[in-house]
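Enquirer: Sequence first, then the predicted structure:
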Amino acid sequence: MENNLLLTYLIFTPLIGSLIILLVKNEKVSLIKNLGLVFSLIAFIISLVIFFSFDSNNSDFQFIHKLKWIEGINVFYFVGIDGISLLLILLTTFITPLTLISSWSSIEHKVKEFTFFMLILETGMLGVFASLDLFLFYIFWEAMLIPMYFIIGIWGGKERIYAAIKFFLYTMLGSLLMLVAIIWLAVYSVNILGGFTTDFTELLKVAPSITRDLQIWMFLAFGLSFAIKVPLFPFHTWLPDAHVQAPTAGSVILAGVLLKMGTYGLLRFNLPLFPDATIIIAPYISVLAVIGIIYGALVAMVQTDMKKLVAYSSVSHLGFVVLGIFAITTESIQGAVIQMVNHGLSTGALFLLVGVIYERTHTREIAEYGGIAKVVPFFSFALLFASLSSIGLPGLNGFIGEFLILLGSFKSGVLNSWWFTVFAASGVIFAAVYLLWMYQRVVFGELKNPKLEKLTDMNSREIFVLIPIFIFIVWIGIYPSTFLNLSEKATKKVIYQVNNPVNVTNIIGKK
Amino acid sequence: MRELIYLTVVLPLSGFLINGIFGSRIKNEKVIGIIGSSTIGISFIITLIAFFETLALPTEQRQLIVSLFTWLKVGGLDVSFAYQVDQLSLIMALVVTGVGFIIHVYSIGYMHGDKSFWRFFAYLNLFIFAMMNLILADNFVLLFLGWEGVGLCSYLLIGFWYDRKFEKSTTADAAKKAFIVNRIGDFGFLLGMFLIFLTFGSLNFNEVFSKANTFSVSTATYGFIALFLFIGATGKSAQIPLYVWLPDAMAGPTPVSALIHAATMVTAGVYMVARCSIIFASAPAIMMVVAVIGIMTAFFAATIGLVQNDIKKVLAYSTVSQLGYMFLAMGVGAFGAGIFHVMTHAFFKALLFLGAGSVIHAMHEEQDIQKFGGLKKYMPHTALTFLIAALAISGIPPLSGFFSKDEILWYSYANVGIIFWLIGVITALMTAFYMFRLYLLTFEGKERFGHDKHPHESPKVMTIPLIILAVLSVIGGFVGIPEVFSGEHGNQFHNWLSPIFANAERKLMQFGFHTHLEEILLMVLSVIIAGGSILFARYVYLKSPKIADSVSSRFSGLYKTLWNKYYVDEIYDAIIVNPIVVVSRNFLWKFTDGKIIDGLIHSTAKLIDVSASYLRKFQNGIAQFYALIMVFGIAITLFWIIMSF
């Protein structure tokens, strides 16, 4: 197969940008900001080029670039994408410049370091979504922890150190097990392929032949690190802390992209590599997902801090995604994929808006607000719009994802019970409760707090950040085919792989 | 024009966008009002032309589907933005655009001077957009888009005056309650859709209904589908147990109450059940549930209506009660009669609300009927039209309400039994009583308001809509004159709708033999009862007002229960809302998250910390100690090697 360098350019553009920024003097703040923005925009443009030349009728990985990297252990620099990863890459390149613009005035000190870390982070995220070698994947997966750790730890709120360390250790714990599992797989492949490899496409042929019991262990080793990242109940307690302490840009990236690495990992690796284990474990993990949907929503409901509320709502929304993945029907997985994008948009917008108001009042306590519709009408509209998208109002994006997930899980043969859907669908009610209740307490009512009277509405920069997000919220809601078509083939392939594990004797026979 | 039916969706949307985006800059109320109203007016004309075109076609060519573009095509699911013109959707569309247009015009007068005039018209247009999606949809998912969309508009419009108080709380509270209670219903609707998809492999009406008519599917499956859908209907159409949001919805501006919470949106549940008649007809047990819930709602809401003093609240409970009649009709298999009542109710209930709005307007936002009285003198047009509406809802012939209500009562008797008829008639008795209590206390008798009020008739832009609706309330019933009077041509309204319900009615096949004499007898009986009730109300509230006081003090327990609406809101708060909040806050968040999960994490960290502090002691920097450890190590290794031989 011929190498295509486009993906590599994409992944490393932000990294190059970050290195260039290192050469600029600290004082040249606006040059640094502009450089950061330019490089993230270049990445966005490259991703658009990839989008337009992507063949959505082809279920194979595309834009493949494969290089020998560490010869001794037969590790490759191997990247390539299918429709699922393409959607998440587009989400990443779309969100990153917006977060940079959004923090134009909120990040005042150490701008250089901030921009540097944000760009590094982007490379890390892109790498995760593009890697087709498990070793490479692991490197990106871990590498991206570091900039996020610093972003929370340096530019965060009062408890930022606690939150940063909790975030770091929680995720580290999971990934160590994943590393063990990767090595085990590579060693196992020696028996069958006759050589040590971490090449995902090769391992796909090998892994499904592992005995069922071992598959379950492998599934759990991979799954734990992904579940923590999602986060799946009960591994979610790092999330509210990290979100509340992180600066707005950090929260947006965290919710918008980072969490999807967990669900992406489950879908990309756990399902096709360990099909037998998937079928066995799916109901259990779905139970956790459904608990997460309801639990996250109920806990979100009683929060007093806006950001924490949105953070817990993520637990609920990501529960839907996990349920969709493990219901293993075309409808539900397609729904899960589009819901990953949706959550990035809606929750990203919600965090941006909380950031906007926090910058003015320096409080996120819901009780401090009330009646601001009168003074900040555009903000009030935007908050309502983002909330409705998150609630899953038909015509906006959230509905498409939730509806497909619920529809798919209802007819799922793997889950084989209505109850998953019945309980999950109750999350639809609770979402309306916590968001509208917050909205009512913040925006409606009488304006009692005198400090709020002088509140200024969103400025043009803040509006400019939201408009593109809102456009996609409507686009996906009305004409989701643009995006659903991209991932359709990849989704069907995963389902096929789960239901028809490769017959390994054939492979061995051919050798 | 039939092919252009989608314009009735697109036009309101464009009105919403224009007023929504530029409204705050236009500033001129007339321009905003004309933009808002004309989009609906034109939609009405389009619908009307489409109606006459359809009328001219032979029955089998009357259905037409106009598909715009694919919306969701995933796996086995394939739904489009596609609009369906048929007998049922046309009736609904005529009511929605027609009554909608009248109320838009009225609002130009009613909302005059409001600081958010433009926002009001933007929301109203958005509502019509959603409502047209709901009734014209050719599939369940698009119907659901409209279904949730009207819920959103209801939310926005109930909370329109977001900084005002409403009863014990705020308008925002009422708005949120409406949305959430509706969502509980939507939860049922969603499950219904999923089960339909699982059973029939499609969510398009034509496919599902034709399969439902031919497939052999178990009664239990039909039962579940029908039950789930009906849960959705109880939310949107304010039936027991989910009716609690509708009385609170009166926090919105009065034209909103007329349009959304009386004439159109709340009938969406009835429409949906009628649309799915074949599914309901296949689940007889659920039909009975529908009928029982319907008649119970009709009855209980009417009892509450007897004692309320807020003019809009009485009308709200009356709406809940009338919706109950419509579901009774659905439950007894009288689908056509139910839709007929949807139409006539839209006329007279919109009229009642707009009349109430006119009074509230004249009395400077006062809504307590005990503080009205003798207003006929000041506002004759409002009084006369209100009287007509009150007569219509009371079922006095030949006004529209008589025909539709009596038809429902007749079918309850003929298809199910005398008991439903009896409760229905008692409800009608109460209806006539509280409607005339309302009318008399407001427009007749002594003036009970202070000198600070200067009631006056409303401007023409408000009274002309009242007059049009009054005319419709009078003649609206003539399209459905029952067979017993109209002879061989039968009931025109039924004939028009019959192809829609033919399959369902064939499945029910329960029409026992009843004579025309029976029908006329029952009809006369119910008219006498309603008429007597009106005369009684007249006697109580005009001749000897003391009776009312002495009755209420004599039965003070019952009176208090009714006044407090059976304490249903309080009960819901105590057994559902508060426990959920308390458990979420104290058990889930503070205990499970805070103590158990984080506790586990923290103690793991602590464990590492503590064990490290012991291990650290080995690294004390003394070389001799390290040497000692080394010797021990070597000794143990050697020992192990030797032992393993």
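Expert: That came through fine.

Enquirer: With residue B:165 as the reference, measure out to the residue in the stretch 301-450 of chain B that chain A sits nearest to.
Expert: Nearest to chain A in the stretch 301-450 of chain B, going by C-beta to the nearest C-beta, is residue B:365, at a distance of 17.3 Å. Heads up, the C-betas are built off the backbone N, CA and C, glycines and all. Separation of residue B:365 from residue B:165 (C-beta to C-beta, to the nearest Å) stands at 12 Å.

Enquirer: The two: which has the busier surroundings?
Expert: In this comparison of residue B:365 against residue B:165, neighbours counted by other C-beta atoms under 10 Å in any protein chain shown, the higher total goes to residue B:165 at 13 against 6.

Enquirer: partners of the more buried one in the sheet?
Expert: residue B:170 (DSSP bridges).

Enquirer: Okay, it and residue B:173: tell me how far apart.
Expert: 10 Å.

Enquirer: and if you look at residue A:258?
Expert: Residue A:258 is 37 Å from residue B:173, by C-beta to C-beta.

Enquirer: ok, these two, which is more surrounded?
Expert: Just comparing residue A:258 and residue B:173: by other C-beta under 10 Å the higher neighbour count belongs to residue A:258, 24 against 21.

Enquirer: Following element in sequence after the top strand by length along chain B, please.
Expert: The residue-count maximum for a strand in chain B (DSSP state E) belongs to strand B:64-74. The helix or strand immediately downstream of strand B:64-74 is strand B:77-85, counting by DSSP states H and E.

Enquirer: Where does pLDDT dip in chain B?
Expert: B:510-513, B:645 (pLDDT under 70).

Enquirer: Please name the nearest non-neighbouring residue to the residue most central in space within it.
Expert: In chain B, the residue lying closest to the centroid (C-alpha atoms, centre = their mean) is residue B:266, at 2.5 Å. Among residues not flanking residue B:266 along the chain, residue B:237 sits closest, at 5.2 Å (C-beta to C-beta, 6 or more residues apart in numbering or on different chains).

Enquirer: so residue A:147 sits right up against residue A:115, yeah?
Expert: No. With contacts counted by C-beta atoms under 8 Å, residue A:147 stays clear of residue A:115, the gap being 10.9 Å.

Enquirer: Next to chain B, which bits of the stretch 201-350 of chain A? Give me the list.
Expert: A:234, A:236-237, A:240, A:295, A:298-299, A:301-303, A:329-331, A:334-335 (C-beta under 8 Å from any C-beta of the partner chain).

Enquirer: One more pass at 10 Å, please.
Expert: For the stretch 201-350 of chain A, the residues in contact with chain B (C-beta under 10 Å from any C-beta of the partner chain) are A:233-238, A:240-241, A:294-304, A:308, A:312, A:329-335, A:338.

Enquirer: to the chain's geometric centre, what's the distance from the longest helix belonging to chain A?
Expert: The helix spanning the most residues in chain A, taking DSSP state H as the definition, is helix A:160-193. Mean-position distance between helix A:160-193 and its chain equals 18 Å (C-alpha atoms, centre = their mean, to the nearest Å).

Enquirer: So which bits of that helix are buried?
Expert: Using 16 or more other C-beta atoms under 10 Å in any protein chain shown as the test for burial, helix A:160-193 gives A:160, A:163-168, A:170-171, A:174-175, A:177-179, A:181-183, A:185-186, A:188-189, A:192-193.

Enquirer: Do that helix and chain B come into contact?
Expert: Yes. Judged by C-beta under 10 Å from any C-beta, helix A:160-193 and chain B are in contact via A:165, A:166, A:169, A:170, A:173.

Enquirer: for the record, mean pLDDT for whichever helix or strand comes after that helix?
Expert: Note on helix A:160-193: by DSSP H and E, the next helix or strand toward the C-terminus is helix A:200-206. Averaging pLDDT along helix A:200-206 gives 86.
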